[in-house]
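In: sharing a model prediction with you, sequence too.
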2 protein chains.
Amino acid sequence: MSQKLRQHIEEIVKITDEEFEYVLSHFTYRKFLMNQYVIQERDYVKYDYFVLNGLLKSWQLDEKGKPHIVLFATENWWISDPQAFYNQTKATLNIDCLEDSETLYISLDNREKLCTEMRKMEYFFRKKTTSGYVASQKRILSLISFNAKERYDYFTQQYPDLLQRVPKTLIASYLGITRETLSRLTSQ
Amino acid sequence: MSQKLRQHIEEIVKITDEEFEYVLSHFTYRKFLMNQYVIQERDYVKYDYFVLNGLLKSWQLDEKGKPHIVLFATENWWISDPQAFYNQTKATLNIDCLEDSETLYISLDNREKLCTEMRKMEYFFRKKTTSGYVASQKRILSLISFNAKERYDYFTQQYPDLLQRVPKTLIASYLGITRETLSRLTSQ
DNA sequence: CAATAACCGTGATTTTTATCACGCTCATTT
DNA sequence: AAATGAGCGTGATAAAAATCACGGTTATTG
């Protein structure tokens, strides 16, 4: 099971068995059930979660009480409240499970420790953060330059598997449109 | 002038005079004129630019020929096409100057070299990338949960100085609305 | 100094999207 | 087996934003 983390790391840097054992010793395994919360608004955010399997979402309520999806995380994704995690402050995001999910989580201290002790892991995390940044720049561009239909098409192209696993209402929330508008887009 | 870079770095890590001299030796100074291009779509992106003064924008044309602003960069900001810079591929963004601008730029190799040789600089760049990521997550949330007026108010609150320096047309493009809609928002 | 272009406001209209309302299906619970 | 609720589609209407069009101001340029 934890081999998934190794494969994930080795997409970026090659490591030995011993190195991986050492890396893994900085993570803790935890299983969450469907609908269970991983992080709640106002919690201190101690960990970054690597998803072994399952499906989670991070989201925020607006002042009118509407939820907005920041991210869906499936197998091989990382999920947390980055702002709160890196600054070790309270969450403004919520994270909960759309499916039963298994995770390996790591504290900021352990992450910094790995970065300090292993240049490869420092490189790995740096690459991950960078690609997360690049991905969010792309999402920003899609939000400012695409209309509802174009954003939906872009989503289906990027995450075809999520279409089956995530209720349309939540996809609409991720896209910044209402479920009714999304329904009309897909029924035509 | 290059003291600005030092101050910027020292907001995150303290460095000695010698260390700063060494860091600085990895950067090159370049001045750009108003309307001059720093990066053009399809260029290879060799550098990340630290802005000493002036004002630049990064943007992309959509298929209808409309420009969309990804970022405005003033004093103490970094600007590049991150995707192309980190992967050393061709730009999909354009970067040009709204004002005469002075920059210190660094190549990816030199950046990696500094990260390898100086843990402090590795930490500095990691922090920078992280805070860029956090900032773009916030912008995503503002785009999916705010209407035009709310996005404009959020912009004025975040970047009050840019209101004076950037034409309204470009602010509208950054917000993902038309200049006419923005004009009506501000005249009421 | 006239000509030009950038920038901005605003009216009229159209298009897009949100809101409100209702009903259907399907799975889960009692 | 009936009851409940989540998920989804869809009609009618309202609201938000885009589009098209025009004019006015200001700065720049030939």
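Out: Nice, thanks for sending it over. All values derive from a computational prediction rather than experimental measurement.

In: find the nearest non-adjacent residue to the residue nearest the centre of chain A, please.
Out: By CA atoms, centre = their mean, the mean C-alpha position of chain A lies nearest to A:I79, the distance being 3.3 Å. Counting by CB to CB, 6 or more residues apart in numbering or on different chains, A:I79 lies nearest to A:A73, which is 3.8 Å off, once chain neighbours are set aside. From N, CA and C alone the C-beta is placed, and that goes for glycine too.

In: surely the one you found and A:L55 touch.
Out: Yes: judged on CB atoms under 8 Å, A:A73 makes contact with A:L55 at a distance of 7.2 Å.

In: ok, now how distant is the residue nearest to A:I79 from chain B?
Out: Per CB to the nearest CB, to the nearest Å, A:A73 is found 14 Å from chain B.

In: mind telling me what element that residue is part of?
Out: Using DSSP states H and E, A:A73 sits in strand A:67-74.

In: name the residues of chain A found near chain B, please.
Out: A:60, A:62, A:66, A:68-70, A:82-83, A:86, A:115-116, A:119, A:122, A:125-126, A:129-134, A:136-141, A:143-145, A:173-176 (CB under 8 Å from any CB of the partner chain).

In: among the residues you listed, which are located in strands?
Out: A:60, A:68-70 (DSSP state E).

In: and the longest helix out of those in chain A, what does it pack onto?
Out: Taking DSSP state H as the criterion, chain A has its longest helix at helix A:119-145. Packing partners of helix A:119-145 (3 or more CB pairs under 8 Å, 6 or more residues apart in numbering or on different chains; DSSP states H and E): helix A:108-117, helix A:148-158, strand B:67-74, helix B:82-87, helix B:108-117, helix B:119-145, helix B:168-175.

In: residues from chain A in reach of DNA strand D?
Out: Taking CB under 7 Å from any atom of the strand as the measure of proximity, chain A contacts DNA strand D at A:167-169, A:179-180, A:182-184, A:186-187.

In: of those residues, grab the buried ones for ChimeraX.
Out: This is how ChimeraX selects the buried members of these, with burial counted by 16 or more other CB atoms under 10 Å in any protein chain shown:
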select /A:182
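
In: for the residues of chain A next to DNA strand D, which one is nearest B:L24?
Out: For the residues of chain A next to DNA strand D, the residue nearest B:L24 by CB to CB is A:L182; the value is 51.6 Å.

In: nearest residue to the closest one other than its sequence neighbours?
Out: Going by CB to CB, 6+ apart, A:L182 has A:A172 as its nearest residue, at 4.1 Å.
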